[in-house]
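Undergrad: Build me a model:
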Amino acid sequence: MLHRALSRYCHHGLRFYSTQHKFINEIQHYDLNRIRNIGISAHIDSGKTTVTERILFYTGRIAEMHEVKGKDNVGATMDSMELERQRGITIQSAATYTVWKDYNINIIDTPGHVDFTVEVERALRVLDGAVLVLCSVGGVQSQTLTVNRQMKRYTVPCIAFINKLDRLAANPFRVLGQLRSKLGHNAALLHLPIGLESDFRGIIDIMEKKALYFDGLLGEIIRFDEVPKDLRQQTEDYHQELVEHVSNVDEQLGEIFLEERKPTVEELKHAIRRATLKRMFTPVLLGSALKNKGVQPLLDSVIDFLPNPEEVDNFAYNEEDSRDEGYVPPVVGETTESDTRKRIKMNPERSGKDLFCGLAFKLEAGRFGQLTYIRVYQGMLKKGENIYNSRTGRKTKVSRLVRLHADQMEDVTEVYAGDICALFGVDCASGDTFVTKKDFQISMESMHVPDPVISMSIKPKDPQDLDSFSKAVARFTKEDPTYHIKYDTDNKETIASGMGELHLEIYGQRMEREYNCPVVMGKPKVSFRECLVSPCEFDYLHKKQSGGSGQFGRVAGIIEPLPPHENTKIIFQDETVGMNIPKSFVPAVEKGFRMSCDKGFLTGQKVAGIKFRLIDGAHHIVDSNEISFILAAQGAMRQVGEMGLWNILEPVMSVEVTAPVEYQGIVLGQMNKRNGFITGTDSNDGWFVISAEVPLNNMFGYSTEIRSSTQGKGEFAMEYSRYTPTTQNVQEELIRLYQAESESGSSQQVMKKKKN
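TA: Numbering: from 1, shown residues only. The predicted structure follows:
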């Protein structure tokens, strides 16, 4: 059992608690209601990793605390990668587990940069609850909005923790307002600050109406005291506000409120828990992790208000008729109307009564081969058992089963529903479902993977390092579904695509550090799209006779543009009547159409935002075959390419720039220079925030420009918003460059032929 070093004693009428536990490193299996699976998520530099470090220290998981950026040459526990410690940012989500007041808490610390957003997706897909960390100065920022959307997608209940109350210009009340207005949360404070900025001394527990001070060298002793006289009225006001907000969404507390009776602390706590689990209320806590204040009450709130695995419904799909190598499990929240598969509710009971079911949510190359992170949703798994991949049917023996603490592993013999563990030597993809019985063919819903928004050319500095480069590419593309590598046959170069400049730069550095393969990266290439401006009819006959059976296929119809909100899709619609085109050849027409969309007619970019309506056609009883209709569809696309009016679409990013107010004019000028459209401005306590929409093609190199023009004080974040048509001069320039590249490529081929 967990040894608790909780000392309680009286001193001048005040209560003290020593809150640093001693962690006993022995494998224990806790009851279901004593397990919490949580993620720590936030915007960049809100203090997620520092909060996690304090949680591990106060629960006795680590003996001493270290700071982010490795100022003491050690670095935070959860930032185990050398590159993370150097840069002071989290790149990969890291898992650990600890124990607080005899509750087992599994924690995943996630990155804040939008470039590594897939790490947050992975974590939230398998977690039951989350802690949304907010900076008391920055408040709700661009990545906070992204994380909030992800929580909503996976219906993850959360509690908010407003951090950094010791910072200059800290204002938790403004952040609370932003939680309500920008994120739409029904939020209320559970704490009030005692002092702010350098005068921040402690917090007031609004429910208990007591002051909490964090004494001792490292804030490990909590001292309870009376609420200071000057804050008593404010405490009463915020207590009333808390009761009102919760009673609006909880029937039981609403009845107490209507009876004009004051709820007890326990009644209020139960009501907050019920409302939080339904995602109808967000409790807001305060503190400063760096100054060791407010972390222990945060841990108490994780236990009090976030769900255990039994309180979350998880479903799997019956896949008895769907097993296929190329099958991809459905994404959470994206089921189609035609999906008739049976949904099976997972039983979270921690026993071997039900068949085992687990989801592989993350892959990582460890020292002993591929490490596969698995969340167990049903049943139990023992070391030495055989498991089956429900997508491929492959059998694998579980030779080693581990629980994780950052980059350290602790062997276990069995895991149960609700646990997060890892396996070695399992060949699978991210999002695969594993079972212990081959004919138990089910699959969990997979996670949402955003499309890459930026591309760069990449090649090894030394051509002799090609083998190491190939190994690095194979590993990184398997681990990270948002990191794509492809070979451009037209330009004869390898293209790396990802979520941002930092994303691609980090992988370039990892190739050098981990594979001793320095790489050269070229200017990023933006993923433009080509789109039709107005509907265009086509009628194309493909006919070829060369002795024997020939080729014959005729297609007729209309290609029309899709509305702006669907301009990244391509849609094929069969409107044929009768047997002019046999139904068996319609998929071939669609295949030819989709193949043609891979390369456009203006700049060679992909075609998007069009609908191919197949209305009529013709076939020959002998000469028609699949290839005939593929070529007919491609010919129809070429016909429309020549006759139709086309334009080029470019990705537009939502950009948020934060800097001191004296640089507002400079930043506005920079946004205008980059053809940005300002969508909003906000200023507070000497800082301003500008929200804008800027074409991605104009945002390269902005990180250097904003830092140099604001003396390093400014920062920006951006994320993909939508595709919109480019300006005429940009379109003309892209066409000119494409034509020049095509001409130089064809002249080089002519020269090669002459030499040969």
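Undergrad: ok, which stretches of the stretch 201-350 of the chain are helices?
TA: 232-247, 251-258, 265-277, 295-305 (DSSP state H, counting those that start in this stretch).
Undergrad: By mean pLDDT, show me the worst of those.
TA: The minimum mean pLDDT among the helices of the stretch 201-350 of the chain belongs to helix 251-258 (a mean of 88).
Undergrad: Show me what that helix is packed against.
TA: On a contact count with 3 or more Cβ pairs under 8 Å, 6 or more residues apart in numbering; DSSP states H and E, helix 251-258 meets helix 232-247, helix 265-277. Placement of C-beta: from N, CA and C, glycine included.
Undergrad: Would you mark the buried spots in that helix?
TA: 253-254, 256-257 (16 or more other Cβ atoms under 10 Å).
Undergrad: Stretch 706-722 too?
TA: Quick answer for stretch 706-722 (16+ other Cβ under 10 Å): 706, 709-710, 714-721.
Undergrad: Just give me how far it sits from the chain centre.
TA: On the basis of Cα atoms, centre = their mean, to the nearest Å, stretch 706-722 sits 21 Å off its chain's mean C-alpha point.
Undergrad: so where's the stretch 501-650 of the chain uncertain?
TA: Applying pLDDT under 70 to the stretch 501-650 of the chain flags residues 524, 547-548.
Undergrad: and the gap between Cys426 and Asp432?
TA: Check again: residue 426 is Val, not Cys. To Asp432, Val426 is 9 Å away according to Cβ to Cβ, to the nearest Å.
Undergrad: Pick the most deeply packed of the helices and strands packed on helix 251-258.
TA: Sort the helices and strands packed on helix 251-258 by mean neighbour count, taking mean count of other Cβ atoms under 10 Å, and helix 265-277 sits at the top with a mean of 19.
Undergrad: quick one on the thing from earlier: of the helices and strands packed on helix 251-258, which is nearest Glu505?
TA: Nearest to Glu505 among the helices and strands packed on helix 251-258 is helix 265-277 (38.7 Å), distances taken as Cβ to Cβ.
Undergrad: Counting neighbours, what do you get for Trp687?
TA: Trp687: 18 surrounding residues under other Cβ atoms under 10 Å.
Undergrad: Let me see the contact set for it.
TA: Contact analysis of Trp687 by Cβ atoms under 8 Å, 6 or more residues apart in numbering lists 137, 169, 658-661.
Undergrad: mind putting those in a markdown table, secondary structure and neighbour count included?
TA: Shown next, in a markdown table, are the contacts of Trp687 (DSSP: H, G, I helix; E, B strand; the rest coil; neighbours: other Cβ atoms under 10 Å):
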| residue | secondary structure | neighbour count |
| --- | --- | --- |
| Val137 | coil | 21 |
| Ala169 | coil | 14 |
| Thr658 | strand | 22 |
| Ala659 | strand | 22 |
| Pro660 | strand | 14 |
| Val661 | helix | 12 |
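Undergrad: would you list those in TSV and tack on pLDDT and distance to Pro263?
TA: Below are the contacts of Trp687 laid out as TSV (pLDDT from 0 to 100; distance: Cβ to Cβ, whole Å):
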residue	pLDDT	distance to Pro263
Val137	89	34
Ala169	87	35
Thr658	84	40
Ala659	83	45
Pro660	81	45
Val661	86	44
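Undergrad: Using CSV, lay out those together with distance to Met699.
TA: Output for the contacts of Trp687, formatted as CSV (distance: Cβ to Cβ, whole Å):
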residue, distance to Met699
Val137, 25
Ala169, 28
Thr658, 16
Ala659, 16
Pro660, 21
Val661, 23
